[in-house]
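Build me a model:
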Amino acid sequence: MPDNTGIYASFSLEPVEQTFLTEKEGRPIFADKEFVRIFISGDKHTEVYREVTDNDKQRFADAYKRFKEGAAAREQLTGTPLSQWPYLKPSQIKELEAVNIYTVEQLAALSDTAKQKIGMGANELTAAARAYLATAESSSAASAFAAENERLKDEVTRLQEQMREMAARFEALENESGSKSRGRQAA
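Reported below is the predicted structural model:
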């Protein structure tokens, strides 16, 4: 499986004229065909647009699955949209989108060649994107630990309550058996 770092794909359904049927019927006949647009983050000049092959379906399986589920081209990309990252100004977002960078993850994974095309400040942007992703990952781990801690606290509380109930039952049984043995001694 080839390395897809920095290479992304979006799929679409396009009408393609069926020339043989058009000539036969005397009117335009179209069939819907699946197309793929493959692009490299940071490079607005390198793009492949063609009919989908089985290799494309396997290579970009996640994007293809989202396409089949009805996602639009931008929705086929996974990651944090640049518009949701408060670090960037709207003008920076537009500049990055002009060179096929739509998510923070794409920005963090830029190659040195792609950084050169962005120009000054590209290293800082990619470093900030990496830091943002690392912080988000560690905070999600902290959230998971906090949730697990709460679950465990609830479990301990439940078990303590169970122990109190068992102790009360045991004490009741002892009292009951103790009063029966005293009753036998009196008789």
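
could you pull out the helices for this protein?
With helices called from DSSP state H, the chain shows them at 19-25, 54-59, 61-68, 90-98, 104-108, 112-118, 122-186.

Can you mark which positions in the fourth one are buried?
When you say that, I think you mean helix 90-98. By 16 or more other C-beta atoms under 10 Å, the buried positions in helix 90-98 come out as 93, 96. Quick note: C-beta positions are derived from backbone N, CA and C, even for glycine.

which other helices and strands contact it?
When contacts are defined as 3 or more C-beta pairs under 8 Å, 6 or more residues apart in numbering; DSSP states H and E, helix 90-98 packs onto no helix or strand at all.

Report the angle between it and helix 122-186.
Helix 90-98 and helix 122-186 are oriented at 100 degrees to each other (axes from the mean of the first three to the mean of the last three C-alpha atoms, to 10 degrees).

How about residues contacting helix 90-98?
For helix 90-98, contacts defined as C-beta atoms under 8 Å, 6 or more residues apart in numbering pick out 44, 82-83, 88, 102, 107, 118, 125.

if we go to 7 Å?
Applying C-beta atoms under 7 Å, 6 or more residues apart in numbering, the external contacts of helix 90-98 come out as 44, 82-83, 107.

Could you do the fifth one as well?
For helix 104-108, contacts defined as C-beta under 7 Å, 6+ apart pick out 8, 41, 79-80, 82, 85, 96, 101, 125-126, 129-130, 132-133.
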